[in-house]
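> Can you look at this prediction? I've put the sequence above it.
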Amino acid sequence: MKPKNFNERCYSLLKKVPKGKVTTYKSLAKALGSKAYRTVGNAMNKNPYGALGRAGGSPQKSELVPCHRVVCSDGKVGGFAAGTPIKIKLLKSEDVDVLNGKINLKKYLFKFN
DNA sequence: CTAATGACATTTG
DNA sequence: ACAAATGCCATTA
């Protein structure tokens, strides 16, 4: 396995995010001490834990790294390797209310700093 | 080492 | 408010 330090940091922080809460790529990168919001998203895309690929099922792998709990700073769900609708579905399953593909950060945004 | 990529963010139209 | 353009930064080829 390659070091990929940055990615592993992202995963570690992501694991700290409690269920029913979401974080933004920006906050995540900031917590890492960088502004590489893009790199964070890139890390998830290539994420070794896979992007679930199953909706409304039993996302066991998501327990390792809840990639679906990462959203845009604007409150938009953002993207997902398996498909945005899948991500939304997963979030709803986590007691997160998603309206029009947007999330109420005022309620569900969990910040590290 | 240099170039290209992208699950974003911010500013402008 | 929405859409397009520009900027950022680590990873990968």
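Ah, there it is. From a predicted model like this one, the values you see are computed outputs, not experimental measurements.
> so the residue nearest to the spatial centre of chain A bridges to which residues?
Central residue of chain A (Cα atoms, centre = their mean): residue A:70, 2.3 Å from the mean position. Partner residues in beta bridges with residue A:70, using DSSP bridges, are residue A:23.
> Name the residues that touch the helix or strand encompassing residue A:13?
Here residue A:13 sits within helix A:5-16, counting by DSSP states H and E. Under the contact criterion Cβ atoms under 8 Å, 6 or more residues apart in numbering, helix A:5-16 has outside partners A:23, A:28, A:31-32, A:34, A:36, A:39-40, A:43-44, A:46-47, A:49, A:64-67, A:69-70, A:112. Where you see a C-beta, it was placed from the backbone N, CA and C, and this is true even at glycine.
> so does that helix get close to DNA strand C?
Yes. Judged by Cβ under 7 Å from any atom of the strand, helix A:5-16 and DNA strand C are in contact via A:5-7.
> I'd like to know which of these are buried.
A:6-7 (16 or more other Cβ atoms under 10 Å).
> Any chance of JSON lines for the residues of helix A:5-16 next to DNA strand C, columns distance to residue A:78 and pLDDT?
Putting these into JSON lines (distance: Cβ to Cβ, whole Å; pLDDT from 0 to 100) gives the following:
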{"residue": "A:5", "distance to residue A:78": "23", "pLDDT": "90"}
{"residue": "A:6", "distance to residue A:78": "19", "pLDDT": "94"}
{"residue": "A:7", "distance to residue A:78": "17", "pLDDT": "93"}
